[in-house]
Every structure is written in structure tokens, then in C-alpha cells.
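# Give me the fold of what follows.
(2 chains)
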Amino acid sequence: MKCLRCLRESADVVAKAPDGSGAWEVYYCTECNYSWRNNETEEISVLEKRDAWGQLDKVDFNQMRVNVYRAMKKPV
Amino acid sequence: MGFKDLRSFLSKLEEEGQLVRYSEPIALSPDWSDITRALPRMGQYGPAILADNLEGYKGKKIVAGVHASLANCALMFGHSKHTSLQDQINSLGKRWVAAGDASSAKLVWVENPPCQEVIIEGDDVNLYELLPLHRLNPSDGGFYLPKTCVVTKDMYSPDDIDSENVGTYRCQIHGPNTIGINISNMHDAGEHIAQAEALGVPMPIAICLGNDPMLDFMASTPLKSDESEYKYAAALGDFTYELTKATLSNLDVPANAEFVIEGEILPFERFPEGPFGEFPGTYSGVGKTCRIHVKRVTHRKDPIYSTIYIGGRSETESDMLLALNTCSLLYNQLRVDFPQVRAVNAMYQHGMTTIVSAKPRSPGHAKTIALRVACTPHGTDYCRNIIMVDAEVDPFNLTEVMWALSTRVRCEEDVFFIPSTPGLPLIPADVRPPLGRKLVIDATTPIPPDEFRPSKVVEPYQKSTDWRDTIAKIQQQLQK
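Here you go, the predicted structure:
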């Protein structure tokens, strides 16, 4: 299914309410790592109502800031 | 004196009227998030809340607000819940001095620990179903573990407990059994990742949840890289700390934690993480960070998940958790070189604005002390605005601080800044992260030959405090 944030077809159901109530399902996107529940507020769970600020559909993941750690060799 | 686990501390909170049990249904979003925001806004006696009927997680226990108020922090230290902020900071400062290098702290390793009563591994791990996860802020990139004690070891000294790090880092759930973790290269765990990548090997890591309150407190304290959070938790809490070995690595973990997530970080793997509503009151961006591959989760029977709110611009539990430790640790570090320092207020946004009261010993000396603040391990990237006030000014009384700023500062001589210092990527005012800047405002009274225009200070009213108390008593009688 389509991810609500990056709009790629890379999301799927990964969990259901563990108490068996059927209260919600969790969806997770393997591309942008966004996750959401189907019963969250519309500003989160309905594409048309989401804040454009957080959308990643126009973002090039290859240009994203990367956490880099300077290589630390064993002290001599 | 200390509390060996979260459960014993919750019992103490309940005994003192500081724990609310709530079993009515609670919607995960936005109700639970709003509850966690409300707790630290309830004043000095704000309680913790223990709920067991979250939507879809009925029967699972979740607690928030353990460190949300001054009263709860006082009880953690073994004080009366009525102990004032200043008294708690003074007491903590003395404990730091008495603890020294914490070498006399008592640590024991136990077999068959409570935290390993239940073991889940492999494909049976589904963090979304195991933990009552919730979104803290509407634009967060997912569900975060916001109150963590993350354990990593110095890869070149794997048997050394002093360089083992226990830190609080934000962890975003990335699917049923992977976790994105954001660790700065300024942090101790960042050094451990750098070592593992230099070696080209996976780095073992454990995320401990639902810990005794003192370890959560120490994991948020800016200790030096060769100081053990476990030892200081034991020394400052005055109790024997019970540890155990993780089941899949050499890591030491709290024996009485509610949950321990064990996994490893593979070298050079990076995946999108964020955004997350952070302590400055703004969201972080999205960037590529390390990923934890979860191998196993161990937990106590009937475990309690402990969470915290972070993201609002002030009055969050995160602010409270870091207030006392940051103030007292900076105070002690400054006092080593500058015994003229009387108090340090670093309560706001983790010390981004830090107010120091001192009795400078020579002209310009206050500015030297301010520079020392900027050189402490915590101050290097966190303390961006440093305000110096006279010893007679209480830095925790913002009315007095405003008086000093209003009447003691000459912009040409008492205000200066240092550009392009280390800073925090989370500050929107700094446009070239991680570069930041330092602002120093010296609001102390000049010492000759530096001087103000001649003036006479109004004398204090000697019996004013006595009269205040007398009149207050009469007013109390009137109100009965």
C-alpha cells in the first residue's frame, strides 16, 4: 500500500491491537520508515489533511543528511 | 535508601499520594499523549500516572510522570516530597562531592534476574504489539521510545565498566524488530559506534526500559566518558546496584529493568529517521541514522512500560528530568577551578541558557568563569547563552536575574559572543549545524578599576522577612 508520507508503494500492515479488540492496525513504510495507525487523528491518517511540512514525496533520500562518525582506531 | 527498581519507587509514590492509577479506557491518540503533557504542568506535586487500559493494549501497564514534578524527584532522593528546588540542588551537590569518583560504589551481578523472566526472540518480536507505543507529537515520524537507558561498550575496552555508557537516546521503531537510533558524534555512544566502524564489526547494544528512577536520572546526566552511570546511580542513591549480563553480549544491564531490548548495529548502515519533536520545542529534521537489529527482548512478568513526554517548548517531564542533574553537575565542575561560584541555574532547555552566580575575585573574572562554563563537557554544545550574576543574586529567582540584567549590563563591555563554536543541530537559530555560538552576558557589579557611575545602593530592610512572615500568618487566620 501507499505510504502516507513518502507516497511510495512500500507500506504494509505490521501489527494489530494485541488485546484482540481490533482497535487499530499499524502500517510501516520500508522506504522512509514512517509508521502510523489507522485510527489516529485525520491530520495523521488522512493524506489530504496531512501537514505538507512533513511530507517526503519530493525528497531525494540520497541527499539526506547522514550521521557520520569519525573512525576511531585503537589508542596506542 | 535508593529504589532498586521502578516498582518499588511506584509503591513509594503511591504511599505519598504521588501516583494516580487509571483504569478507564484511554485513546492512544491524542489522549495518552495529552495526559503525558499535562503531568509536568501540575506544579510541584504533579503525580505519575499508571494506566492499564490503553486502546488496543488493554491489560498492558504504562506509566508516565515518574520524574515529572519536584515532589517526585525529592522522593527519588529520599527527601520529603515538600523539599524545595534549591534544597534538592544543594543536597545533590553535596552527594556529588561525597561520591568523588564513585570508586566505592557497590555493584553486584545477579543470576536469573527479574529482567530476564520472559524471553522473546527472532520473528516473535513485534515491538508494536509488545510495547504500548504511542505518537508523542503529531508530526513525529512514528512511534518513539523516549525514555531509554541505552547501553554500549568501548569496543577497545569491553571489560571496563567505567567506559561502558548508559545514555538516553531517541529510538524510533522501524518495523516489528528494527529501531532507528539518533546518536550524535559528540556523545559517548557515538564514539563506540566510530570504534565499531573502524573495526568493521557489529556493535552490541541494549535498550533498557522501565528502570529504577536513579538510573534514568544518571543516563540523562552529562557524565564524563570514563565515569560509570551505574556507579554514580549507586553512589548518589546510596544503594547496591544490581546488574546482570545481557543474554547475547557482554553488556551490563540493570537486573531489575522492566524490559531489555538486545540487538546490534551493523557498521555503516544508515536509514531515514525522524522527525521528532525535541526539547527546544521544535521538530528535528529527517536524516539517516544507525539502525538496531533487535535479536531478543527480555522482560519481567507483567511488565510496566515507562514513558516520558518530550517536545513541548517548556514544562515537560524531559525538562524536569534534566534540571537537577545539569545544575548540580555544572556547579561541581565549575567549583573545581572557581570556588567563587555560588549557584548554577541550568534548568531551561537543558542549560541552553545558563545563569551562574559568583563572587568574582578580580576585574573581569566573571567573564573567565563564563568561558569555563562554555568549556565544560555539557556546556561545549548545550550552553549557548551564559549569564553571570553577583553572588547576592539568586539565579533561580528570575525576578532577581532580570534586575541584574536591567541594571548591571553595559552592552559595550559586558556582552560578547563567540561565533562558530560547537552547537546543537536541534536549535533552529543556528543555521550551520552542528556549528553554534556562545553569548556571554556579564551582569555582575564591576570591580575597580572597572566601575559604574558612582551611585548608592538602597539598603536592604533588615526585618522585612520577619514582617512578611508575621503578616502572612495573620492573613492565613483571616482566610480560615
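# Next up, the contacts around residue 35.
If you meant another chain, say so; for now it's chain A. Going by Cβ atoms under 8 Å, 6 or more residues apart in numbering or on different chains, residue A:35 touches A:14, A:26, A:27, A:28, A:29, B:128, B:141, B:142, B:143, B:173, B:174, B:175. Glycine gets a C-beta too; all of them are placed from N, C-alpha and C.
# Switch to chain B, please.
B:26, B:49, B:51, B:64.
# Restricted to strands, list those residues.
The strands, defined by DSSP state E, take in B:49, B:51, B:64 from the contacts of residue B:35.
# Quick one: which of the residues you listed is the most crowded by neighbours?
Within these, most neighbours by other Cβ atoms under 10 Å in any protein chain shown means residue B:64, with 27 neighbours.
# Please name the bridge partners of that one.
As for beta bridges, residue B:64 partners with residue B:49, residue B:307 under DSSP bridges.
# Look up how far chain A lies from it.
19 Å (Cβ to the nearest Cβ, to the nearest Å).
# Do a quick rundown of the strands in chain A.
Taking DSSP E as the criterion, chain A carries its strands at A:11-16, A:25-29, A:35-37.
# Comparing those strands, which stretch has the densest surroundings?
Most buried of the strands of chain A, by mean neighbour count (mean count of other Cβ atoms under 10 Å in any protein chain shown): strand A:35-37, with a mean of 25.
# Turn the strands of chain A into JSON lines, columns for mean pLDDT.
Below are those laid out as JSON lines (pLDDT from 0 to 100):
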{"stretch": "strand A:11-16", "mean pLDDT": "98"}
{"stretch": "strand A:25-29", "mean pLDDT": "98"}
{"stretch": "strand A:35-37", "mean pLDDT": "97"}
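# And those strands: which comes nearest residue B:115?
strand A:11-16 (23.5 Å; Cβ to Cβ).
# The closest one versus strand A:25-29: what angle between them?
Going by axes from the mean of the first three to the mean of the last three Cα atoms, to 10 degrees, strand A:11-16 is angled at 140 degrees with respect to strand A:25-29.
# Show me what strand A:11-16 is packed up against.
Packing partners of strand A:11-16 (3 or more Cβ pairs under 8 Å, 6 or more residues apart in numbering or on different chains; DSSP states H and E): strand A:25-29, helix B:127-130.
# JSON lines for these, including distance to residue B:466?
Listed next are these as JSON lines, based on distance: least, Cβ to Cβ, whole Å:
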{"stretch": "strand A:25-29", "distance to residue B:466": "63"}
{"stretch": "helix B:127-130", "distance to residue B:466": "60"}
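# so which of the ones you listed comes closest to residue B:225?
helix B:127-130 (29.4 Å).
# Determine the set of other helices and strands touching the closest one.
strand A:11-16, strand B:287-299.
# Let me know whether residue B:358 touches residue B:388 as I believe.
Yes - contact criterion Cβ atoms under 8 Å: residue B:358 and residue B:388 qualify, at 6.5 Å.
# Overlap in contacts, those two.
B:366, B:369, B:444.
# Using TSV, please lay out the residues you listed together with secondary structure and distance to residue B:77.
Below are these laid out as TSV (DSSP: H, G, I helix; E, B strand; the rest coil; distance: Cβ to Cβ, whole Å):
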residue	secondary structure	distance to residue B:77
B:366	helix	31
B:369	helix	28
B:444	coil	31
